[in-house]
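S.K.: When you get a sec, could you give me coordinates for this:
(one chain, ligands or ions: 1)
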Amino acid sequence: MTYEITGRTRLGCLLGTPVTHSLSPMMYNESFRLLGIDRVYLCFDTKNADLGALVQSLRQMDVFGFNLTMPDKERILPFLDEIDPAAQMIGAVNTVKNENGRLIGYNTDGVGYMRSVCEAGCDPSISEMTLLGAGGAAASIAVHAALDGIPALHIVNRHGRSWEKALCLAETITRNTNCRADVTDLADNAAVQDCLAKSRLLTNATSVGMSPNEDTTPIADSTWLHPDLLVSDIIYNPRQTRLLRDAAAQGCRTLNGLYMLLYQGAAAFRIWTGQDMPVEEVRKKYFQ
Ligand code: NAP
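M.R.: Next up is the predicted model:
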């Protein structure tokens with residue numbers, strides 16, 4: 001299929017910093033090409049940008065939408081006309097749709113994550129979950145796990161920068177969904193072990209284990225991991241973190257963050273186009 005940029009081609013983009021490593025342009029442009037959709041997607045580094053002015057320009061240029069990565073997922077909120085209820089609970093937006101000049105914000109990180117674990121055979125409605133981290137990605141996963149029916153969620157974070165955020169997140173989830181959420185200090189070994197013993201799903205949403213710190217793991221003792229746990233790490237660089245290697249050695253099933261990345265993109269694609277992203281083709285070409 002030919003794929004020509006014409007006078008009618010509409011623009012979408014990723015805003016944040018850094019953006020040069022992003023797989024999003026390949027993922028979306030290949031999908032537009034395969035489906036014959038006259039759109040193009042680029043990355044813009046916002047390091048030295050006035051985000052409000054930039055968003056106003058994108059609105060005037062009638063972009064079809066845009067994604068946000070760090071640090072703009074929270075900074076974008078005041079510049080939007082409407083925010084989807086789940087994104088409001090999360091307090092961050094990674095996808096914006098331009099609907100006739102109105103900018104509407106969504107958060108698809110947790111949607112993508114839940115699709116990836118469901119595909120790996122996890123039934124959220126019967127599984128207690130331990131979630132390591134309370135940063136941006138963790139908040140989205142926590143809210144979407146709760147909305148998808150996880151009955152109990154144990155948020156584990158160190159007593160640091162995100163501690164208050166973790167408490168607030170647990171309170172918001174328990175108040176607004178059918179999920180009971182609690183918070184545990186990562187340094188409390190007995191309590192962490194207890195959370196893991198009750199859980200069927202463990203998610204690392206901290207940056208511990210990410211390149212170049214590939215020898216680090218957020219779980220102090222790998223014998224706490226039991227074979228009934230699906231152990232997932234949302235890190236995808238490296239593909240197999242130390243946590244996943246330790247988990248496999250304990251007989252656990254494991255999952256890395258690559259499919260979360262693919263499926264959060266697929267969810268954004270559907271919001272923008274109303275169509276399913278050709279995930280199999282994109283997966284084969286860019287997500288091995
Ligand atoms: P973030 O908002 O900065 O949150 C980082 C989290 O990790 C916080 O809870 C932080 O705790 C915790 N943390 C950092 N260093 C730690 C340490 N040494 N010990 C214990 N906890 C530590 O970052 P984010 O955007 O949520 O991203 C987190 C990870 O997810 C990154 O590796 C990112 O690449 C990955 N990610 C993957 C996808 C995907 O699609 N697969 C999407 C988004 C993010 P404190 O704040 O209390 O320090």
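S.K.: make it CA atoms for all contacts and neighbour counts henceforth
M.R.: Fine.
S.K.: Mean confidence (pLDDT) on stretch 7-20, please.
M.R.: Confidence for stretch 7-20, expressed as mean pLDDT, is 96.
S.K.: is it up against the ligand anywhere?
M.R.: No: residues of stretch 7-20 are not located near the ligand by CA under 6 Å from any ligand atom, the shortest gap being 11.7 Å.
S.K.: Would you mind listing what in this structure touches the ligand?
M.R.: Of all the residues in the chain, those lying near the ligand are 133-138, 157-158, 160-163, 205-208, 210, 234-236, 257-258, 260-261, going by CA under 6 Å from any ligand atom.
S.K.: ok, now with 5 Å
M.R.: Residues of the chain lying near the ligand by CA under 5 Å from any ligand atom: 133-137, 160-162, 205-207, 234-235, 257, 260-261.
S.K.: just the buried members of these?
M.R.: Neighbour-count burial (16 or more other CA atoms under 10 Å) applied to the residues of the chain next to the ligand gives 133-137, 205-207, 234-235, 257, 260-261.
S.K.: Return the subset of those residues lying in strands.
M.R.: Applying DSSP state E to these, no entry is found in strands.
S.K.: and those as CSV, adding pLDDT?
M.R.: Shown next, in CSV, are those (pLDDT from 0 to 100):
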residue, pLDDT
133, 97
134, 96
135, 92
136, 91
137, 95
205, 97
206, 97
207, 94
234, 98
235, 96
257, 96
260, 97
261, 96
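S.K.: Please enumerate the strands of this structure.
M.R.: 10-16, 39-45, 65-68, 82-83, 95-99, 102-106, 129-132, 152-157, 180-185, 201-204, 230-233, 253-255.
S.K.: Now mean neighbour count too, for those strands, in JSON lines please.
M.R.: Listed next are the strands of the chain as JSON lines, based on neighbours: other CA atoms under 10 Å:
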{"stretch": "strand 10-16", "mean neighbour count": "21"}
{"stretch": "strand 39-45", "mean neighbour count": "18"}
{"stretch": "strand 65-68", "mean neighbour count": "24"}
{"stretch": "strand 82-83", "mean neighbour count": "18"}
{"stretch": "strand 95-99", "mean neighbour count": "22"}
{"stretch": "strand 102-106", "mean neighbour count": "21"}
{"stretch": "strand 129-132", "mean neighbour count": "27"}
{"stretch": "strand 152-157", "mean neighbour count": "25"}
{"stretch": "strand 180-185", "mean neighbour count": "20"}
{"stretch": "strand 201-204", "mean neighbour count": "24"}
{"stretch": "strand 230-233", "mean neighbour count": "26"}
{"stretch": "strand 253-255", "mean neighbour count": "21"}
